[in-house]
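Visitor: give me coordinates for this.
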Amino acid sequence: MSMIHLWEPASGSWTVDPIPLAGHTASEANAFASCSVDGIVALWDIRMGKSPGLSFMAHNEDVNVISWNRLASCMLASGSDDGTFSIHDLRVIKDKDKAKVAHFGYHKHPITSIEWSAHESSTLAVSSGDNQLTIWDLSLKMDEEEFKAQSKEQVNTPQDLPPQLLFVHQGQKDLKELHWHNQIPGMIVSTAADGFNILMPYKIQNTLPDLAA
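Guide: Residues are numbered from 1 along each chain as shown. Just a heads-up that it's a prediction; the model follows:
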């Protein structure tokens, strides 16, 4: 379906606007933005009307999932059917050569979920149909020679791994969705066809916030 309707809470129920938002020929989801099977991401400001204020080509294939960065509101992540995910800077979205600030092709199957960390603005997690959940830190720009030297010390480590890849979680079948815990830094819950996992990767910050500060 291509119709996206605005739902607003009203006295214990919902009021659904009968006039859909315009912008796609076929759409997947929306959260102040929508992703589409035509590879396009559209952004709405409901105060400005029913048409998207901005839309852009995010991927060459279907866009399955998107995530706003709550700590850096200009950043949007999108995941595609081709297994790639991209990071877009909305401040320069009209400049097609600069808007996509990062693009990763590590996963080989469709991206099923993507979400920015609630505590680290440069960190996000991605799940894929290849039965892997990966965690990325986009602030890392390790020297290429240093990264290759460190990789050689680890058994069976592929030499083409990007330095931004922090952690790979495996063991779940048909991963569907992931979410960061809002109160516990570094904790992730992931759901799959064979159950759910709660994990706290050792490379991710896992100290509780100082409530006395």
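
Visitor: helices or strands next to the helix or strand where Glu177 lies in the packing?
Guide: Assessed by DSSP states H and E, Glu177 sits inside strand 175-180. On a contact count with 3 or more C-beta pairs under 8 Å, 6 or more residues apart in numbering; DSSP states H and E, strand 175-180 meets strand 111-116, strand 123-128, strand 132-137, strand 188-192. Quick note: C-beta positions are derived from backbone N, CA and C, even for glycine.

Visitor: can I get those strands in TSV including mean neighbour count?
Guide: Formatted as TSV, the helices and strands packed on strand 175-180 follow (neighbours: other C-beta atoms under 10 Å):
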stretch	mean neighbour count
strand 111-116	23
strand 123-128	25
strand 132-137	22
strand 188-192	19
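
Visitor: tabulate the ones you listed (JSON lines), appending mean pLDDT and distance to Pro162.
Guide: Output for those, formatted as JSON lines (pLDDT from 0 to 100; distance: least, C-beta to C-beta, whole Å):
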{"stretch": "strand 111-116", "mean pLDDT": "96", "distance to Pro162": "16"}
{"stretch": "strand 123-128", "mean pLDDT": "96", "distance to Pro162": "12"}
{"stretch": "strand 132-137", "mean pLDDT": "96", "distance to Pro162": "8"}
{"stretch": "strand 188-192", "mean pLDDT": "96", "distance to Pro162": "20"}
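
Visitor: turn those strands into TSV, including distance to Leu165.
Guide: Compiled in TSV, the helices and strands packed on strand 175-180 are given as follows (distance: least, C-beta to C-beta, whole Å):
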stretch	distance to Leu165
strand 111-116	14
strand 123-128	10
strand 132-137	6
strand 188-192	15
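
Visitor: quick one: closest of these to Val168.
Guide: Among those, strand 132-137 comes nearest to Val168, with 5.4 Å by C-beta to C-beta.

Visitor: what's that closest one in contact with?
Guide: 104, 106-107, 120, 122-128, 164-170, 172, 175, 178, 188, 190, 201, 203-204 (C-beta atoms under 8 Å, 6 or more residues apart in numbering).

Visitor: got the angle between that strand and strand 175-180?
Guide: 30 degrees (axes from the mean of the first three to the mean of the last three C-alpha atoms, to 10 degrees).

Visitor: paired strands for the strand holding Glu177, with orientation please.
Guide: Strand 175-180 has its sheet partners listed here by DSSP bridges as strand 188-192 (antiparallel).
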